[in-house]
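Participant: need a 3D model of the sequence below.
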Amino acid sequence: AVLSPAPAHGSVFMMAHLYPLNFFFSYGPVLIVNYDPSLSRTSFYTVALAAEAVNGLLNAATYFVQTKHARSASTASAAGGPVDLETSSGRRLADVASFHA
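Facilitator: Next comes the predicted model:
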């Protein structure tokens, strides 16, 4: 069990789900066009291509947000803030799992 406060769990949960959300936002419209090819003659096709093109930017923005979040957490910890991500076994959460791609 992780001994961090509930808001920390919520932010970790949100951060872990940003990449799948980016995927569905970026490739969802393309999958819909592939399922129904008649949509390729509509403006929805342009939206699908634009969403797919923005995928890299969304991933970079997500990585930036996660890095900024991690930096602010480590700054709060260094300043004596209430950031305690130790597990009951004494291992840090960062030593248990890595979410970097």
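Participant: for residue 18, see how far away residue 59 is.
Facilitator: 9 Å (CB to CB, to the nearest Å). For every residue, glycine as well, the C-beta is placed using N, CA and C.
Participant: residue 64 now?
Facilitator: 11 Å.
Participant: between these two, tell me which one has more neighbours.
Facilitator: residue 18 (16 against 10; other CB atoms under 10 Å).
Participant: quick one: contacts for residue 40?
Facilitator: The contact partners of residue 40, by CB atoms under 8 Å, 6 or more residues apart in numbering, come to residue 33.
Participant: make it 10 Å
Facilitator: Each residue near residue 40 by CB atoms under 10 Å, 6 or more residues apart in numbering is listed here: 33-34, 46, 48-49.
Participant: select from the residues you listed the one having the most neighbours.
Facilitator: Counting neighbours by other CB under 10 Å, residue 48 comes out on top of these with 22 neighbours.
Participant: what number of residues lie near the closest residue to it other than its chain neighbours?
Facilitator: Excluding its sequence neighbours, the residue lying closest to residue 48 (CB to CB, 6 or more residues apart in numbering) is residue 29, at 3.5 Å. Residues near residue 29, counting by other CB under 10 Å, number 20.
Participant: put the alpha carbons of whichever strand or helix holds residue 29 into CSV.
Facilitator: Element membership of residue 29 [criterion: DSSP states H and E] is helix 18-35. Extracted C-alpha coordinates of helix 18-35, given in CSV (Å, rounded to 0.1, in the frame of the first residue of the first chain):
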residue,chain,number,x,y,z
LEU,A,18,-3.4,11.0,-20.4
TYR,A,19,-1.5,9.0,-23.1
PRO,A,20,-4.5,6.7,-23.8
LEU,A,21,-6.8,9.7,-24.0
ASN,A,22,-4.4,11.3,-26.4
PHE,A,23,-4.5,8.1,-28.5
PHE,A,24,-8.3,8.0,-28.7
PHE,A,25,-8.5,11.7,-29.5
SER,A,26,-5.8,11.4,-32.2
TYR,A,27,-6.7,8.1,-33.8
GLY,A,28,-10.4,7.7,-32.8
PRO,A,29,-11.6,9.8,-35.8
VAL,A,30,-9.3,7.9,-38.2
LEU,A,31,-10.7,4.6,-36.9
ILE,A,32,-14.2,5.8,-37.5
VAL,A,33,-13.3,6.8,-41.1
ASN,A,34,-11.7,3.4,-41.6
TYR,A,35,-14.9,1.8,-40.3
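Participant: many thanks, have a good one.
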